[in-house]
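Colleague: how would this look folded up:
(2 chains)
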Amino acid sequence: MSLQKLVLYNYKFCPFAARAVLALAETKQPYENVEIDLSVPRPDWYLKDINPYGQVPALKVNDKDIILESLFVAEYIADLHPESGLWPTDALQRAQTRYLIHHWGTHTQPALHKASFTLDPTDAQQRHQAFIDQLEKIDHLLCSAHKTSQPGLNGDGPFFLGSQFTFADLALASFLTRVPLVEVYQKGFVFPKENPKLKRFLEWSDAVVKRETVVKALPSTEELVPIYKKWFK
Amino acid sequence: MTVPKLTIYNNIACPYANRVLIALQETQQEYELVDIDLKTPRPEYYLKEINPYGEVPALKTADGNVILESLVIAEYLADSNPDANLLSKDPLQRAQSRYLIQHWTSRAQPAIAKASLALDSPTEEAKALDLAETELEKVDALLRKVNITKDGPYFLGAQFSYADLALAPFLARGYLLTAFHEESVQKAWDERLKANKNVQRFLTWRQAVVERPSVLKSTPPKEVVLEAYSAKFLKNRL
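Modeller: The predicted structure follows:
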C-alpha cells in the first residue's frame, strides 16, 4: 500500500491519544504531530476543520479525510501495516482482543479512576477493593486467551496472546502506566503484589509498560504523577 | 452424528441481539438459538458459564468458547466468513464504518430515545424533535461523505456491510420516535423528514437497510417492539 500522509492531532498526556502514538511507533509509520493543549479552549480551526467535539486524537489522512476515536485511529494505522503483526488473523483471538479492550473501558477503567482520584476517605477501602476485583477479572480474561499454533500467538510469552505484542496490549498500555497511580495518590493503599489472582495481570502489565516502544512513546508513571495531582483539591 | 454448531443466546426484542441474527443470516451460518427471557432472573448456568452480566447476545462456539458484546460477535462472524464481504478491505472504510456506528450510538440514538419519551409537554416535545432532526442531519452528512448512492444505497454503496448491519435493528425501530405521541405528531414527523433536503441520504439508506431480507428476518414485528419498549421505558407513565 502506498504511503499515506498522516497528521496526528495529539495531547501528550491523553491516554486515548497515546494509543495512536503507540500504533505509529509500532508500525514506524511517518507522520506529523500537532499538539493540542487540552488545558485551554480548543482553537476555532480545530473545532471547524478537524473535530467539532474538540477531543484528541484525530488523524488527518492525505489532507482529505479525518478519522476520530482513538481505537479507530490506532486500528487504521495498524491496518496500513499488516506486516507489523499487531492484529492476529485468528477470528477468535481478534474477538478476544476486542472484548478485552471493551471490558477494560467499561468495567476496569471506571474502577481505576474512582480508586485513584477520589480523595474522600469514606469508603476508600471499598473503592480500592472494587479496583482490585476488576483487575482480578482482567487476570482471568488474560488466562483465558485463546492459543493458536502460530509462534508468538500461542501463549508463549507475557503479552495477551503470547510473545507477540498485539493490539490488545497496545490499546491498554497507556492505562497500565496509570495503574500504579492509585498507590501514589491514595494514602494507606498498598498494591497487593502477592495476590495469586493477579499473577498473570502483573506479568502482563510489567511486560507491556517495559516494552521499548512503550517506554519511548508514552509518558512514564513518574511523569504522570504531577499531571493529575493538579486536579485534586 | 450432528456437527456441533454455534449456540446463540438471544432475545428477539433486544436490538443488540438482532445484530447477531442479521450477521448469521448474512454469513449463512448454521446455529442453535437459545432464548433468554429478560423479564425474569437469568438461570444460574447462564450467569456462571455464559455471561456473568446476564445480558444478551452471547455466542458459544462449537468448541465451547464464549464471545460477548454484539459488535464483537458480529465482527467475529464477519471475520470467520470473509466471503460474505461484511468488512471492507479498505482501512479507511473500516474506520469510517466503525465511526458511523459509534456516532449513531452516542449521538443520534440518545436524541431519538429522548424524543420518543418527550411526552410531558408540547414545548418539551418540540425541542426533542428539533434535536432528533439535527442529529439525523449529522448522520446524513456522514453518509454523504462516504457514498452519495452513486453505487448503491448502503453505507459503502452496493455492498451491505458492517455499519449497515450494526445499525439495522435501530433503523428498523424508527417508528418508536413517534409511536407514543399523538397520531398527528407521527404524521407531521414523517412529512418533516420527507421535506428536509438534509436527511434525504439518511432516508434512502434507512429504507434500503430495513427492507433487506436478513434484516426483516432478524427484527421483531412492531407489536413486540412496542410492548417491550413501553414495558422498559414507560412503566412509570402508562
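
Colleague: which stretches of chain A form helices?
Modeller: In chain A, the helices defined using DSSP state H lie at A:15-27, A:44-45, A:70-80, A:91-103, A:109-117, A:124-143, A:167-176, A:181-185, A:199-210, A:212-217, A:221-229.

Colleague: Now those helices in TSV, please, with extra columns for mean neighbour count.
Modeller: C-beta: built from backbone N, CA, C; applies to glycine. Putting the helices of chain A into TSV (neighbours: other Cβ atoms under 10 Å in any protein chain shown) gives the following:
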stretch	mean neighbour count
helix A:15-27	24
helix A:44-45	8
helix A:70-80	24
helix A:91-103	21
helix A:109-117	18
helix A:124-143	17
helix A:167-176	26
helix A:181-185	18
helix A:199-210	18
helix A:212-217	14
helix A:221-229	13
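
Colleague: How about the residue positioned nearest the centre of chain A, nearest residue that isn't a chain neighbour?
Modeller: Central residue check for chain A by Cα atoms, centre = their mean: the C-alpha nearest the mean position is that of A:Leu172, 2.9 Å away. In this structure, A:Leu172 finds its nearest non-sequential neighbour in A:Trp104, 5.6 Å apart by Cβ to Cβ, 6 or more residues apart in numbering or on different chains.

Colleague: Break the chain into its domains for me.
Modeller: Picked chain A for this. In the assignment given by automatic domain parsing, the structural domains of chain A cover A:6-84, A:91-232.

Colleague: please go with chain B instead
Modeller: Domain assignment for chain B by automatic domain parsing gives B:6-84, B:91-233.

Colleague: Tabulate the ones you listed (CSV), appending mean neighbour count and mean pLDDT.
Modeller: Converted to CSV, the domains of chain B look like this (neighbours: other Cβ atoms under 10 Å in any protein chain shown; pLDDT from 0 to 100):
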stretch, mean neighbour count, mean pLDDT
domain B:6-84, 18, 97
domain B:91-233, 18, 95
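
Colleague: Tabulate these (TSV), appending distance to chain A.
Modeller: Below are the domains of chain B laid out as TSV (distance: least, Cβ to the nearest Cβ, whole Å):
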stretch	distance to chain A
domain B:6-84	4
domain B:91-233	4
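
Colleague: closest one to A:Leu3 among these?
Modeller: Comparing the domains of chain B by their distance to A:Leu3 (Cβ to Cβ), the top pick is domain B:91-233, with 13.0 Å.

Colleague: hang on, the earlier thing: want to try TSV for the domains of chain A, with mean pLDDT as columns?
Modeller: Supplementary listing: the domains of chain A in TSV, determined by pLDDT from 0 to 100:
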stretch	mean pLDDT
domain A:6-84	97
domain A:91-232	95
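
Colleague: where do the strands sit along chain B?
Modeller: Listed from the start of the chain, chain B has strands (DSSP state E) covering B:6-10, B:31-35, B:58-60, B:66-68.

Colleague: Now do the third one: which elements does it pack against?
Modeller: Applying 3 or more Cβ pairs under 8 Å, 6 or more residues apart in numbering or on different chains; DSSP states H and E, one finds that strand B:58-60 makes contact with strand B:6-10, strand B:66-68, helix B:70-80.

Colleague: and if we set it to 7 Å?
Modeller: strand B:6-10, strand B:66-68 (3 or more Cβ pairs under 7 Å, 6 or more residues apart in numbering or on different chains; DSSP states H and E).

Colleague: Return the list of strands paired to the shortest one, each annotated with direction.
Modeller: Here strand B:66-68 is paired, per DSSP bridges, with strand B:58-60 (antiparallel).

Colleague: and A:Ile138, what is it in contact with?
Modeller: Neighbouring residues of A:Ile138 by Cβ atoms under 7 Å, 6 or more residues apart in numbering or on different chains: A:104, A:108, A:201.

Colleague: For B:Asn18, find the nearest of the helices of chain A.
Modeller: Each of the helices of chain A has some distance to B:Asn18 by Cβ to Cβ; the shortest is helix A:91-103, at 18.9 Å.
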